[in-house]
Every structure is written in C-alpha cells, then in structure tokens.
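K.L.:
Could you work out the structure for the sequence below:
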Amino acid sequence: MDIKKILFPTDFSESAHHALKQAVELALVHRATLFIFHAILLHTDDPQQLKSRLNEYLDQLEKETLERLQSKSDEIKGRGVAVEISTEKSVSPFEVIIDKANTIRPDLIVMGTHGRSGVGKLLLGSVAEKVLRHAPCHVLTLRKDSAIAEGSGGFERIIVPVDFTDHSRRALDLASTLLSKNGKLILVHVVATPIHPSFYAGGVTRMFQLDPDLPSRIEANLNEWLGGLPGDVVAAEGEVHSELMKVSEEKDAQLVVIGTRGLGGVEHFLVGSVTEKIVRLSKIPVLTVK
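P.N.:
Next up is the predicted model:
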C-alpha cells in the first residue's frame, strides 16, 4: 500500500490524542502528509439563543480550535512530518468527516474509538461505525489503551484473518506493505462450522475431532497464501473473533488487518459480525480494508 495521505479526525479527547501517536508513526514510515481535522459542531438545543450569538460563538470557537490544531501541528512537524490542519462547521461529525475524505482522497483514515458506554456503544450507530461503513478508503481504529507501534519502521507482527476469499487477499496484500524490515505476518483461519448433533453421541463435538487432518490442510493452504513472505500460520476452531483475539495475544501482535465481505460491504458486515466484534474488542489497532 502506498500511503501518501492520512486523514486524522480529532475531537481532542484522550482517545483521539492516543490515536494521533499511531497516525504520526505511520506518516513517518510512509513519508505521508497528515491531515488533522476537527469538526466544529453546531448544537441546536436552543435555536433562538444560538441564533443571536451564532457568529460570535463560531468565530471564537474556530479561533480556539485552530490554535489547538496548530500547537499539535508544530509539534508533529518537528519530527519531520508534513501536516495540514483544518476545521469545518457541521451538525453531523460523520457527514463532515466523509465530506473531508471525499475532498482530499486519503489513502487511510486513522480514528480513536471511545464513548461513555464504551467502544461497543460507539461503534453501533455512531460516528465511527458510519465512517467505517461509508469511507472511500481503508480505516484504522484503535482504543485509548491500544499499544502503539513506534519507531520500528512499520509493524513487526500483523494478524491477518483469512477465509480464502478475495477480501482476505486484499487484506493480506495490504498487510505485507505495513511490515517492518524484520516483521512477520500471522495468517489465521478459524473453523466456525458447528458439528451436527448426531455426532455428539460418539463424543465428537468439534470439527477437528471429526477430521483430524483438517488443521494440517488449512495450514498448508495458509502457507501457500504466504507465498514466501515471512510469517506464521494458525488453524483454529471456535468463535472466530474469540480465537483471533486469543492468537493476537499469544503472538503479541501489533495490528489486525481484516478484509470486509458480503454484498453490502462494510455496512452489512459490521453489524453483528466478526469485523464489528474484532473492532470493538481488540486491544490492538484494527485496519479495516475496503
């Protein structure tokens, strides 16, 4: 992946401040321009009062916002990153972020995830979920407690869930471009097909019991997908998101790169799906590939 433009929407929260660190690291590695952007929201709780002071209120808010953005910009520029800052006024943060993305056409959007009710509340019916659904590019999300890959020239260990579709192939191709010089990929395929109850009487409750050679066949296919790239392969069985998170912790991965699937793309796949659960639960950044 040739990353030349990174869009970073910020609301100046703790989560956004943390996500900015990863955005800067990516900009350094790929020599990309970092577009830091803040949406100034027009609240309509009291239209009459707001109308009477609207111009004064917005002018002052924009001035203060630009000062905060400029402070961040100056600090980041000191590390050798090209930075552009901007603000837009809107009643919808999602709409203005998508408009900004459609204008500058970034290769990647980096966003922090947060919310009073946790990441799950944020992603279902909120700004982050809508951006993931409608963004014209890949989106990297991370929680405020996610580990940041810093100063490594890329990510050293990247998890790629593989279901052997074109969506997984795109994720794998992208993940390979994000590796550090000595990094490795970790390809994981999880068998989630339940065993038919007729096998229970014989004590068989898992597919790997029914077909003991299945893990080795999966691993062989995963190695073919690696095609000589540095990495490990893992065949697992169970709940897909749970097994992926387990492998992620065991392998000390720094990033999950996952493709989207389904006729409806991300908008169909995120709600109640593997991707949504991974984005919501992952302790490391998740890159959702379009």
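K.L.:
which intervals of the stretch 51-200 of the chain have sub-threshold pLDDT?
P.N.:
51-58, 114-125, 151-152, 193-200 (pLDDT under 70).
K.L.:
That one: helices as residue ranges?
P.N.:
In the stretch 51-200 of the chain, the helices defined using DSSP state H, counting those that start in this stretch lie at 93-104, 118-123, 127-134, 166-177.
K.L.:
closest to residue 149 out of those?
P.N.:
Nearest of those to residue 149, taken as C-beta to C-beta: helix 166-177 at 12.9 Å. For the C-beta atoms, the positions are set from N, CA and C on the backbone; glycine is no exception.
K.L.:
Residue 36: which of the helices of the stretch 51-200 of the chain is closest?
P.N.:
Among the helices of the stretch 51-200 of the chain, helix 93-104 sits nearest to residue 36 (C-beta to C-beta), with 10.8 Å.
K.L.:
and the angle for that closest one with helix 127-134?
P.N.:
On the basis of axes from the mean of the first three to the mean of the last three C-alpha atoms, to 10 degrees, helix 93-104 is oriented at 40 degrees to helix 127-134.
K.L.:
Which other helices and strands does helix 93-104 contact?
P.N.:
strand 5-9, strand 33-41, strand 83-90, helix 127-134 (3 or more C-beta pairs under 8 Å, 6 or more residues apart in numbering; DSSP states H and E).
K.L.:
tell me which residues of it are tucked away?
P.N.:
Neighbour-count burial for helix 93-104 flags 93-94, 96-98, 100-101 (criterion: 16 or more other C-beta atoms under 10 Å).
K.L.:
between those, which is closest to residue 126?
P.N.:
residue 94 (8.2 Å).
K.L.:
how about the residue nearest to residue 290 when sequence neighbours are not counted, what does it touch?
P.N.:
Nearest non-adjacent residue to residue 290, counting by C-beta to C-beta, 6 or more residues apart in numbering: residue 138, 5.6 Å away. Taking C-beta atoms under 8 Å, 6 or more residues apart in numbering, we find residue 138 in contact with 1, 107-109, 174, 287-290.
K.L.:
Restrict those residues to the buried ones and give me that as a PyMOL selection.
P.N.:
Of the contacts of residue 138, the buried ones go into a single PyMOL selection, burial set by 16+ other C-beta under 10 Å:
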select buried, resi 1+107+108+109+174+287+288+289
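K.L.:
Distance to residue 212 added to the contacts of residue 138, as a markdown table?
P.N.:
Converted to a markdown table, the contacts of residue 138 look like this (distance: C-beta to C-beta, whole Å):
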| residue | distance to residue 212 |
| --- | --- |
| 1 | 38 |
| 107 | 44 |
| 108 | 42 |
| 109 | 44 |
| 174 | 34 |
| 287 | 34 |
| 288 | 35 |
| 289 | 33 |
| 290 | 38 |
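K.L.:
Check which residues of the strand of greatest length in the chain are buried.
P.N.:
With secondary structure taken from DSSP state E, the chain has its longest strand at strand 179-191. Residues of strand 179-191 classed as buried by neighbour count (16+ other C-beta under 10 Å): 179-180, 183-191.
K.L.:
quick one, strands of the protein?
P.N.:
Using DSSP E, strands in the chain cover 5-9, 33-41, 83-90, 108-113, 138-143, 155-161, 179-191, 231-237, 255-259, 286-289.
K.L.:
And the ones you listed: which comes nearest residue 168?
P.N.:
With C-beta to C-beta as the measure, strand 255-259 is the member of the strands of the chain nearest residue 168 (5.1 Å).
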